[in-house]
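Trainee: pasting the structure only:
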């Protein structure tokens, strides 16, 4: 191994916007639905139909552009990208080439090697295509246009990244910003965020870029990391063999952990882009930009520092809590109702994270009402239930969003602090376990732990452990 | 006098006064269609049943006082590139032979609300590409004034139908002269409105930035009344314009005193038929006699309009027509191997020669490496042409000239030399490039009896100026029907 290589990576990230309706018609963007039920003449490309721009799409694109320090093209246009494929009902995609809405921005990322700015070349708006479904029985292909016309933004980075770590950090950053803006849920697995990786290698110290390839079909951060490693190795091997990297689009197969060429630059299509004459240019006034800026919610970096100062949370906790907009929302709502940031944070950092992990879910999947968490904290606070029971109740809140007070009442989980009832139980246990009494008297402290445990078990965990401890001790001594 | 010789407004008034029934007028038009269609071929689809049903319904509404507009009950026809729910809409192309839209074009919707009885869909050049109605996949339409001649195009079916009494008025579409030129060849009146005035929703696009739907009728008054109905802001069309000045009939004053009319010398030069020139200048003199101020001026850039138009319209068409691929609707080749073969064969077999020529031309000018040299240059030319008109309209209210360099050519002559056919659009095309309103008004006939059209062009949103001039010229003239149509029209006005 003689030469050292540097990896140069740029990303094209497609993000599905969270609008209720499609970009150029009033059809629902809701996921699922029987094939071709969320369609109309516009999104199925019927002759004579015309596109009308959904203003919300522009507002989301603007919000993302402003949050990523982009300049705004206050006069921007849509262009047609012409190509034949059945998932594209008009045989052209309405996109932006000549005057994209945002350009020349950046985001700051942080990795083990420190902080770094990643440049954003441009952000443009476009429509998604439909889906081809191959019917093996009938040996034919069918088209479902439910996704046709769902709004997307494409965020094109500069070739500023040098490692998989930086790529993941950049994607995490984009995802957080966009989620915080409410512009998309950015789920890679479900395809609401998709990243294509442009990668080339060059010898350390060389200024010119090497020939790049574009990698598609990357459905998770892990797949992206593996694909970057795989492609870097492949390209270096080619160069070491004295061969050349061919500019081409490749498809990653995460099961095989390898990629294969889809199409080379030679058969790259001429998309014959031109301004869409059915749509008028978009004029974005200063006032409109100011309005979008004014509506911009607190972003992750701002929340991160506020959680540390306002709630005195450790940086690590604040980072986890703000790592998902939804999680931060749950946190803030529960804090607002309970006034106990530390407690809320504990529940979210420990039990919530554990349960999510067990289920293989993401913080975005949390579905319980934060008010129930606040109520649970109150129940513990007032010593109506103890911590052990509280964890059981929380699991129920997590799973079924139960009202904890009602649940505790129904299941009879209240702490038994009635000393008379406890005394009866302990007496019974002592009677059944004379050896323990003898052991205790003989100075074996462990025997007390056994009795306490038996008592808690008999009480099904509902007893206040402090009270039980105290009582057992007294009764053992007096036995 | 036959019912069929009435203008739309005259018929509307008689229907209102119960002198003529809607069913009676509809039957008269259907009878005329039956008699003449074998010779003229104005229609792609005649909807007898639908028309009869609609006629009865409209009569009920008129009787019930629900319909009171001037066009209520008047039978009309729609060019076959304008969608009508549940009825075939073919663009006179094999590729859309079986296409039945699930929606009605906004302009037609407005007419239906005003009580229109739709007789059928009229023939046209395939996808509105052509100047003769000979590129139709369903046979050419013939000129009712002389069956050996073309009716013009692309709205040839609409114009021939209006001229021959196969309907009382019609909708056409105009991308480079497609309403005005066949109106001229058929001796009827037609308006291409300011771009954005009539919704394009439901109009199957040819050149989206140039297309406008407009009326074809037997008088300026009819056209003004029809335009008043179909002009409307439509949020379904992003290029639609909100206008407050669509009371076009208010310009039917017959008063042109003080109206400034300019005649571009560029429109009277080489290539213009002498008889056409004489008739147009006579019309100008008549307007001058009625009080207008008429003078000649230099418009400039006229020769650049045709190349700019064919670049822009073809570029847009190449993209607009790519949706006709055999996948979703329309013609699909019965024999193919795989997807690309299906595309190729369906389009090769489903589209005609002129359409293919323009798709190729358009694809070429948009291809990388040529975009700047052709498409962008054409857009810049378009902007310069608009500036030339802006300058002219500082001096004049109306620009007057011929609609076409000649009267209707003989069948089969034009397609032999497409370049010459394209040059025939020289006076109409600049109007579309600049988005202006333009109108054809008949102004006599040549020595062989073929009609000559006068073109009046207004500044953007100034339809009223051309309507004022056209109406003043028309006053005192009577609509004249071609002989074969007059002979066929039997239903007399009681």
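Mentor: All right, it came through fine. Being a predicted model, the structure only gives us computed values, none of them experimental. Residues are numbered from 1 along each chain as shown, chains lettered A, B, ... in the order given.
Trainee: Helices of the stretch 51-200 of chain A, start to end?
Mentor: A:55-67, A:164-181 (DSSP state H, counting those that start in this stretch).
Trainee: So what's the gap between the longest one and the chain middle?
Mentor: Read it as helix A:164-181. Offset of helix A:164-181 from its chain centre (C-alpha atoms, centre = their mean, to the nearest Å): 9 Å.
Trainee: Could you do stretch B:22-35 as well?
Mentor: 23 Å.
Trainee: Buried residues, it. List them.
Mentor: Of all the residues in stretch B:22-35, those buried under the rule 16 or more other C-beta atoms under 10 Å in any protein chain shown are B:22-33, B:35. Every residue, glycine included, has its C-beta placed from N, CA and C.
Trainee: Quick check: pLDDT value at the closest residue to chain A within the stretch 51-200 of chain B.
Mentor: Residue nearest to chain A within the stretch 51-200 of chain B (C-beta to the nearest C-beta): residue B:83, separated by 4.5 Å. Looking at residue B:83, its pLDDT stands at 98.
Trainee: go on, residue B:7?
Mentor: According to the prediction, residue B:7 has pLDDT 96.
Trainee: Return the distance of it relative to chain A.
Mentor: 29 Å (C-beta to the nearest C-beta, to the nearest Å).
Trainee: pretty sure that residue is in contact with residue B:168, am I right?
Mentor: Yes. The criterion here is C-beta atoms under 8 Å, and residue B:7 meets it with residue B:168 at 7.4 Å.
Trainee: neighbour count winner among these two?
Mentor: Between residue B:7 and residue B:168, counted using other C-beta atoms under 10 Å in any protein chain shown, residue B:168 has the larger neighbour count: 32 against 22.
Trainee: Name the nearest residue to residue A:129, sequence neighbours excluded.
Mentor: residue A:87 (4.2 Å; C-beta to C-beta, 6 or more residues apart in numbering or on different chains).
Trainee: Could you give the number of residues near the closest residue to residue B:453 other than its chain neighbours?
Mentor: Leaving aside its chain neighbours, residue B:453 sits nearest to residue B:184 (2.5 Å; criterion: C-beta to C-beta, 6+ apart). When counting by other C-beta under 10 Å, one arrives at 33 neighbours for residue B:184.
Trainee: So residue B:184 is in contact with residue B:153, correct?
Mentor: No. In this structure, residue B:184 is not within contact of residue B:153 by C-beta under 8 Å, at 11.4 Å.
Trainee: Quick check: the gap between the nearest residue to residue A:103 once chain neighbours are set aside and chain B.
Mentor: If the residues on either side of it in the chain are set aside, residue A:103 comes closest to residue A:122, at 4.4 Å by C-beta to C-beta, 6+ apart. Residue A:122 sits 19 Å away from chain B, taking C-beta to the nearest C-beta as the criterion.
Trainee: give the contact list for residue A:122.
Mentor: A:70, A:100, A:102, A:103, A:104, A:156 (C-beta atoms under 8 Å, 6 or more residues apart in numbering or on different chains).
Trainee: Which pLDDT value goes with the fifth one?
Mentor: In the prediction, the pLDDT value recorded for residue A:104 is 98.
Trainee: now the residue of the stretch 51-200 of chain A at minimum distance from chain B, nearest residue through space, not along the chain?
Mentor: In the stretch 51-200 of chain A, the residue found nearest to chain B is residue A:91; the distance is 3.7 Å by C-beta to the nearest C-beta. Once flanking residues are discounted, residue A:91 sits nearest to residue B:322: 3.7 Å by C-beta to C-beta, 6+ apart.
Trainee: May I see the buried residues of the helix or strand bottoming out on mean pLDDT in chain B?
Mentor: Ranked by mean pLDDT, DSSP states H and E, the weakest helix or strand in chain B is helix B:418-423, scoring a mean of 84. Within helix B:418-423, the residues that qualify as buried by neighbour count (16+ other C-beta under 10 Å) are B:421, B:422.
Trainee: re the thing from before, ok, the residue nearest to residue A:129 touching residue A:128?
Mentor: No. Using C-beta under 8 Å as the test, residue A:87 is too far from residue A:128 to be in contact (9.3 Å).
Trainee: the more surrounded of those two?
Mentor: residue A:128 (23 against 17).
Trainee: is it true that that one touches residue A:146?
Mentor: No. Look at residue A:128 against residue A:146 with C-beta under 8 Å: they stay out of range, at 10.0 Å.
Trainee: For residue A:399, the count of nearby residues, please.
Mentor: Residue A:399: 12 neighbours (other C-beta under 10 Å).
Trainee: Repeat that for the one 10 residues further on.
Mentor: For residue A:409, the neighbour count with other C-beta under 10 Å is 12.
Trainee: Going by residue numbers, what spans are strands in chain B?
Mentor: Taking DSSP state E to define them, one finds strands in chain B at B:43-46, B:75-79, B:117-122, B:169-174, B:189-192, B:212-217, B:260-264, B:293-297, B:398-402, B:438-445, B:451-458.
Trainee: Please indicate which of those strands has the most neighbours on average?
Mentor: Among the strands of chain B, strand B:189-192 has the highest mean neighbour count (mean count of other C-beta atoms under 10 Å in any protein chain shown), at a mean of 33.
Trainee: mind listing what it pairs with, with the direction of each?
Mentor: Sheet pairing for strand B:189-192, assigned by DSSP bridges, gives strand B:212-217 (antiparallel), strand B:438-445 (antiparallel).
Trainee: Could you tell me the angle between the shortest one and strand B:75-79?
Mentor: Going back to what we said before, that points to strand B:212-217. With axes from the mean of the first three to the mean of the last three C-alpha atoms, to 10 degrees applied, the angle from strand B:212-217 to strand B:75-79 works out at 140 degrees.
Trainee: quick check: mean pLDDT across strand B:212-217?
Mentor: When pLDDT is averaged along strand B:212-217, the result is 98.
Trainee: That one versus strand B:117-122: what angle between them?
Mentor: Using the same axes, to 10 degrees: strand B:212-217 against strand B:117-122 is 110 degrees.
Trainee: So what's the residue count around the nearest residue to residue A:19 once chain neighbours are set aside?
Mentor: Nearest residue to residue A:19, sequence neighbours excluded (C-beta to C-beta, 6+ apart): residue A:56, at 4.7 Å. For residue A:56, the neighbour count with other C-beta under 10 Å is 16.
Trainee: same check, this time on residue A:112
Mentor: 7.
Trainee: on that earlier part again, quick one, phi/psi of the residue of the stretch 51-200 of chain A closest to chain B?
Mentor: phi 60, psi 20 (degrees, to the nearest 10).
Trainee: List the contacts of residue B:109.
Mentor: residue B:202.
Trainee: And for residue A:186?
Mentor: Contact partners of residue A:186, counting by C-beta under 8 Å, 6+ apart, are A:15, A:174, A:175, A:178, A:179, A:192, A:193.
Trainee: can you tell me which of those lies nearest to residue B:443?
Mentor: Distances from residue B:443 to the contacts of residue A:186, taken as C-beta to C-beta, are shortest for residue A:15 (60.5 Å).
Trainee: Report how many residues lie close to the residue nearest to residue A:286 when sequence neighbours are not counted.
Mentor: Leaving aside its chain neighbours, residue A:286 sits nearest to residue A:74 (7.8 Å; criterion: C-beta to C-beta, 6+ apart). The criterion is other C-beta under 10 Å. On that basis, residue A:74 has 14 neighbouring residues.
Trainee: I'd like the helices of the stretch 51-200 of chain A as JSON lines, with mean pLDDT appended.
Mentor: Shown next, in JSON lines, are the helices of the stretch 51-200 of chain A (pLDDT from 0 to 100):
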{"stretch": "helix A:55-67", "mean pLDDT": "98"}
{"stretch": "helix A:164-181", "mean pLDDT": "95"}
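Trainee: Quick one: neighbours of residue A:66, just the number.
Mentor: Residue A:66: 18 surrounding residues under other C-beta under 10 Å.
Trainee: how close does it sit to residue A:155?
Mentor: 13 Å (C-beta to C-beta, to the nearest Å).
Trainee: do residue B:105 as well
Mentor: Note on residue B:105: its distance to residue A:155, by C-beta to C-beta, is 39 Å.
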